[in-house]
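Colleague: based on what follows, work out the 3D shape:
(chains A, B and C)
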Amino acid sequence: MSALGDGMHALVRRLYPLCRSITGNGVRDTLRIIGEHLDLHVHEVPTGAQVLDWTVPQEWNIRDAYIARDGERVVDFQRLNLHVVGYSVPVERTMPLEELRGHLHTLPDQPDLVPYRTSYYAPTWGFCLAQSTLDEMPEGDYEVRIDATLANGSLTYAEHVVRGQVDDEVIVSCHVCHPSLANDNMAGVAVAVELAKSLVNPYYTYRFIFAPGTIGAITWLARNRDRVDRVKHGIVLACAGDRGSLTYKQSRRGDADIDRVMAHVLRDRPHEIREFSPYGYDERQYCSPGFNLGVGSLTRTPYAGYPEYHTSGDNPDFVTPESLVDTLAVCREAVEVLDRNRTYVNLSPYGEPQLGKRGLYESLGGRSDAKDAQLAMLWVLNLSDGTNDLLTIADRARLPFAAVAAAADALHAAGLLKD
Amino acid sequence: MSALGDGMHALVRRLYPLCRSITGNGVRDTLRIIGEHLDLHVHEVPTGAQVLDWTVPQEWNIRDAYIARDGERVVDFQRLNLHVVGYSVPVERTMPLEELRGHLHTLPDQPDLVPYRTSYYAPTWGFCLAQSTLDEMPEGDYEVRIDATLANGSLTYAEHVVRGQVDDEVIVSCHVCHPSLANDNMAGVAVAVELAKSLVNPYYTYRFIFAPGTIGAITWLARNRDRVDRVKHGIVLACAGDRGSLTYKQSRRGDADIDRVMAHVLRDRPHEIREFSPYGYDERQYCSPGFNLGVGSLTRTPYAGYPEYHTSGDNPDFVTPESLVDTLAVCREAVEVLDRNRTYVNLSPYGEPQLGKRGLYESLGGRSDAKDAQLAMLWVLNLSDGTNDLLTIADRARLPFAAVAAAADALHAAGLLKD
Amino acid sequence: MSALGDGMHALVRRLYPLCRSITGNGVRDTLRIIGEHLDLHVHEVPTGAQVLDWTVPQEWNIRDAYIARDGERVVDFQRLNLHVVGYSVPVERTMPLEELRGHLHTLPDQPDLVPYRTSYYAPTWGFCLAQSTLDEMPEGDYEVRIDATLANGSLTYAEHVVRGQVDDEVIVSCHVCHPSLANDNMAGVAVAVELAKSLVNPYYTYRFIFAPGTIGAITWLARNRDRVDRVKHGIVLACAGDRGSLTYKQSRRGDADIDRVMAHVLRDRPHEIREFSPYGYDERQYCSPGFNLGVGSLTRTPYAGYPEYHTSGDNPDFVTPESLVDTLAVCREAVEVLDRNRTYVNLSPYGEPQLGKRGLYESLGGRSDAKDAQLAMLWVLNLSDGTNDLLTIADRARLPFAAVAAAADALHAAGLLKD
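Modeller: Prediction:
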């Protein structure tokens, strides 16, 4: 487990420095590294393509940026890519601090942290810096340079598919558009990579989507619109590595299978379950009313819920191997429940069937400490009338899903249940 | 606000002394004063008219009443009209206290207060007095006189209608049959008068009903039986001016629009919400199972919930201008929600529509303190699938209704919603 | 009440020593004694009969059993019949303690109590004894004897039927297969006997079933399969006499009439209500998914919920006359609610009917302490729209069922309600 956590943390650290945005080479480099772990299908969608209500924007690439005084860089993109407002248009000028201030973004309440800002759909430019840095900048002229290009190109996203026994799909979606932010969302990427690697002959087909936030999910939905009804369940993975406990945000439906599965898996862990809201990550798109997919969102401390959120404080030290391992464990348990959940019909529904003669019941009677395995069989038999799936039974019985699924397997093998 | 409160309180004080009952000149005088503020349509329904299961009773009018000893009035109707049991038959006799006692009503536990009693549907007579007064009355003969008439006449009630954009109606109903009781219900009358005056070109048609309790509401229902299905929402206003916090009693349906509206409006105020019960005020009639209208009841301290209830303690000092203003404010907010509540359909339901290109979204991204206005737009878009009205959305989003309604207006103007 | 409790307790003490099992003379002797109180129909179902998924087993009868050392009985069936594992095959051997240990059952955590064990469906033998007894048994040879027979015969159960006004049935079911255990279930038997004796011309037909656990209920169901749809409500009575408060376990349906009735009857008593689970007593069979009857289970401390459960500690001193009387009182109240519960339709649903002219309403108005009887009438009138039964109305009104039923009777007599 330590090796597993260390491996995921190493991937977070490796991906962290890349300057990602919603388009451009930062995303491509990120996908290339993920591709060292998983077999990826990378898609390039050209600038100008219509995707649902949106249009794929121009591609943004940046080589360098700084604010300098007397030739010395005061704010330097090379040291931290958060210093440049994402999608800034190029600029190369000298201007007094007074004029520059309109392009500077700080966090006065967190004076040592650099904020993360973007301006994807309005042409402007800007710098982000610590308030403490700004406080030390004397009035006077500064050289300002952003060596970036905004030009026709493409939007890049990738898929990794693990074929299952059925074509019905589970999607796992991670946004890959944030530059140097570790928990948000290289932690989600690292967990998704290990989850994908752990799947062996699953029941469902699992589709992992690595795409820029909002426009990436919208692009995926636009290009898969006629296949979307294959998506039976899904999880948006984000903020997967901080020290907080787990938070599951329900799908818009609120009672989708994934909502019940996550509640069950989290039941005995410290956790919080939140109702759906139409802000956060790409569950916004998957759960837009036209699609209304059974997709929830799993995080540790949720969206905008920690002081380091969208600041330079969200660096690799903010993420721990233990938390990554814990998030992965929950994902794996959820996969197991999703894959094994079935609805059976008891073929001997009048009275209890005699389990003893089938070798399924302990012969010595009178004891009051009935075993989980035997209780699980009684629950499965009693509730399997075609309306309750195994997960419902496990919840009603307050038994682990695995015990209930094992009981169902035994009863099925004995000819007492049918699918 | 002070002028508003003072004005309402002045109306309470002016109406307080009139000797109202379920019929007679006290009600007529009351409606005449209300008519100085509102354009009233006064109805007279003759004695003997059949109204649903009831019959309009004879008209009762009283000129004087007293209990005197040696020519000196010990109990005097002229000082407080509660002293006479409502609908008492005339009497003019001399009798010993011993015999008189069977006609006297006191409150032994509240010895200085005079109770309010009536005997509408059984022919008898009686006096109400303070226990302390009775305790000081020596044995011996008393002159007893009630100069009243019970004769064929009519039952009087009035309506004030504010025409709206649609014929669907909201009713606001106040009982006007109690003699000198201020909170119950001249306070309700005063709030209703100001509420009516505040309505300008509303969406719904608002109908204010000023009628004697029980028989008045029953008469109105009997005479409007074929129009009752126009009544979409309603409020019975009573006990609207005491110092207690607000209480809303749900309609019989429990989930009528008015129930949701009042819960929303009261959400951030000290308040209590009670389930429907078939006693209280005229919601009993509007919510009888044959009509089952969406009519709730708004009071401050509810029916029978304060020691001064139905006693001489319920005088104008028991009512405050501030409480009247507060009750009115809640009514006005409820009217605004009722009038603006709609159910929309998102015309761009696949993924989120791009709000930025329509000027509806702030261009700088990354901030975690999204504004109410933007959240409201996301909520309206996400939940407007034809099944959720704006009030439901405001409740789900925990946003003020006005913010959600404004967001809907903006989205509608941008062509993203249809009715 | 004391005589009643003493009588029930005497029956428990008289039945306690008999060596009951799922078949055999212990059950017959038990039914013979019950038959001194109730007119019983005793059924004998032969060994080998197929009953649902089960087969009636051979009949077991035991005359004597012991473990002796040097001719002296160390463990003696004659002193306590729990000492023999129920359904033990015969044995007559001398063996060293070392070998005997595999056949001995103790409760190490309750060293002075003898456990109750059975081995109904696997041929073996064994003894139960106190751990403290075992600790004092020296190594060496012991004479072991179980003088029992397992042979073709029959399974015995009995019914007592109280004919009602309708053929629809309420069943009351008690298991009679446990040897010397008092609370479980001779207490249930004693309460059922008194309940049966108390029924005079009931509305429903009441059927009392005294049968061995599991196989007895299954046999009854098998032989009444085509009549089971007459069973509208039912109670499994067990553990009816210990000092704990009452526990009601819901039927599988969870919202059956009996579930609502028991919740109402227990409302003002200390009690616990548990959701259905597929273990416990014969509700397991009545609530198997194919039958799914409205049958719950009433106990005091429930199944496996007290340390004396299924041990020699469950002796007649563990049961009190007061608890038996209290359980009986609840059963009687439940019967009254079941028998009087109806769904009416208000024939005057538009506005309130005028109760005064029908002599149903007190004539003096204005009082705030309306009586339960008048409130009950208002509630019945308001909610009797054909969807609410009297029990629902009593729960909504928070009034005693008897007050609501009396109000309904008065309104029905006045022609205001129809069935």
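Colleague: show the pLDDT at the closest residue to residue A:74 other than its chain neighbours.
Modeller: Spatial nearest neighbour of residue A:74, excluding adjacent residues (CB to CB, 6 or more residues apart in numbering or on different chains): residue A:67 at 5.1 Å. Where C-beta positions appear, they are placed from N, C-alpha and C, glycine not excepted. Looking at residue A:67, its pLDDT is 98.
Colleague: beta partners for residue A:67?
Modeller: Note on residue A:67: beta-bridge partners by DSSP bridges are residue A:75, residue A:144.
Colleague: surely it meets residue A:84?
Modeller: No. The pair residue A:67 and residue A:84 does not pass the contact test of CB atoms under 8 Å, sitting 10.1 Å apart.
Colleague: which residues does the residue nearest to residue A:74 contact?
Modeller: For residue A:67, the contacting residues are A:73, A:74, A:75, A:100, A:127, A:129, A:142, A:143, A:144, by CB atoms under 8 Å, 6 or more residues apart in numbering or on different chains.
Colleague: how does it look with 10 Å?
Modeller: Residues near residue A:67 by CB atoms under 10 Å, 6 or more residues apart in numbering or on different chains: A:73-77, A:83, A:95, A:97, A:100, A:103-104, A:127, A:129, A:133, A:137, A:142-146.
Colleague: that one and residue A:146, how far apart?
Modeller: 10 Å (CB to CB, to the nearest Å).
Colleague: need the overlap of contacts for those two.
Modeller: Contacts common to residue A:67 and residue A:146, judged by CB under 10 Å, 6+ apart, are A:77, A:83, A:103, A:127.
Colleague: let me know the closest of those to residue B:52.
Modeller: Nearest to residue B:52 among those, counting by CB to CB, is residue A:103 at 74.9 Å.
Colleague: per-residue confidence for the closest one?
Modeller: For residue A:103, pLDDT reads 97.
Colleague: from the stretch 101-250 of chain A, which residue is nearest to chain C?
Modeller: residue A:250 (23.9 Å; CB to the nearest CB).
Colleague: so residue A:17 sits right up against residue A:77, yeah?
Modeller: No. With contact defined as CB atoms under 10 Å, residue A:17 does not reach residue A:77; the gap is 11.6 Å.
Colleague: who touches both of these two?
Modeller: residue A:179.
Colleague: the more surrounded of the two?
Modeller: The residue with more neighbours, out of residue A:17 and residue A:77, is residue A:77; 23 against 13, by other CB atoms under 10 Å in any protein chain shown.
Colleague: in the stretch 151-300 of chain A, which residue sits closest to chain C?
Modeller: Counting by CB to the nearest CB, the stretch 151-300 of chain A gets nearest chain C through residue A:267, at 16.8 Å.
Colleague: distance of that residue from residue C:4?
Modeller: Distance from residue A:267 to residue C:4, by CB to CB: 47 Å.
Colleague: likewise residue A:295?
Modeller: 63 Å.
Colleague: quick one on the thing from earlier: looking at the contacts of residue A:67, which are in helices?
Modeller: Counted as lying in helices by DSSP state H, out of those, are A:97, A:100, A:133.
Colleague: with distance to residue C:376 added, can I get those residues in a markdown table?
Modeller: Formatted as a markdown table, these follow (distance: CB to CB, whole Å):
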| residue | distance to residue C:376 |
| --- | --- |
| A:97 | 81 |
| A:100 | 80 |
| A:133 | 77 |
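Colleague: so which of those wins on neighbours?
Modeller: Highest count within these by other CB under 10 Å belongs to residue A:100, 19 neighbours.
Colleague: which parts of chain A are helices?
Modeller: Under DSSP H, chain A gives helices at A:2-15, A:25-34, A:97-100, A:131-135, A:188-198, A:215-223, A:257-266, A:283-286, A:321-340, A:372-383, A:390-397, A:401-413.
Colleague: of those, which is nearest residue C:279?
Modeller: Of all these, helix A:372-383 comes closest under CB to CB, at 5.6 Å.
Colleague: is the closest one positioned near chain C?
Modeller: Yes. For helix A:372-383 and chain C, the contact criterion (CB under 10 Å from any CB of the partner chain) is met by A:374, A:375, A:377, A:378, A:379, A:380, A:381, A:382, A:383.
Colleague: which strand residues bridge the residue nearest in space to the middle of chain A?
Modeller: Geometric centre of chain A, nearest residue: residue A:237, 1.3 Å, by CA atoms, centre = their mean. Beta-bridge partners for residue A:237, by DSSP bridges, are residue A:298.
Colleague: show me the contacts for it.
Modeller: A:172-175, A:185, A:187-192, A:195, A:208, A:281-282, A:297-299, A:327-328, A:331.
Colleague: rerun at 8 Å
Modeller: Counting by CB under 8 Å, 6+ apart, residue A:237 has contacts A:172, A:173, A:174, A:185, A:188, A:191, A:192, A:297, A:298, A:299, A:327, A:331.
Colleague: how about the residues you listed in JSON lines, adding distance to residue B:354 and neighbour count?
Modeller: Written out in JSON lines, the entries for the contacts of residue A:237 read as follows (distance: CB to CB, whole Å; neighbours: other CB atoms under 10 Å in any protein chain shown):
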{"residue": "A:172", "distance to residue B:354": "26", "neighbour count": "25"}
{"residue": "A:173", "distance to residue B:354": "20", "neighbour count": "29"}
{"residue": "A:174", "distance to residue B:354": "22", "neighbour count": "27"}
{"residue": "A:185", "distance to residue B:354": "22", "neighbour count": "30"}
{"residue": "A:188", "distance to residue B:354": "25", "neighbour count": "31"}
{"residue": "A:191", "distance to residue B:354": "30", "neighbour count": "30"}
{"residue": "A:192", "distance to residue B:354": "27", "neighbour count": "27"}
{"residue": "A:297", "distance to residue B:354": "22", "neighbour count": "29"}
{"residue": "A:298", "distance to residue B:354": "27", "neighbour count": "28"}
{"residue": "A:299", "distance to residue B:354": "25", "neighbour count": "29"}
{"residue": "A:327", "distance to residue B:354": "32", "neighbour count": "27"}
{"residue": "A:331", "distance to residue B:354": "32", "neighbour count": "22"}
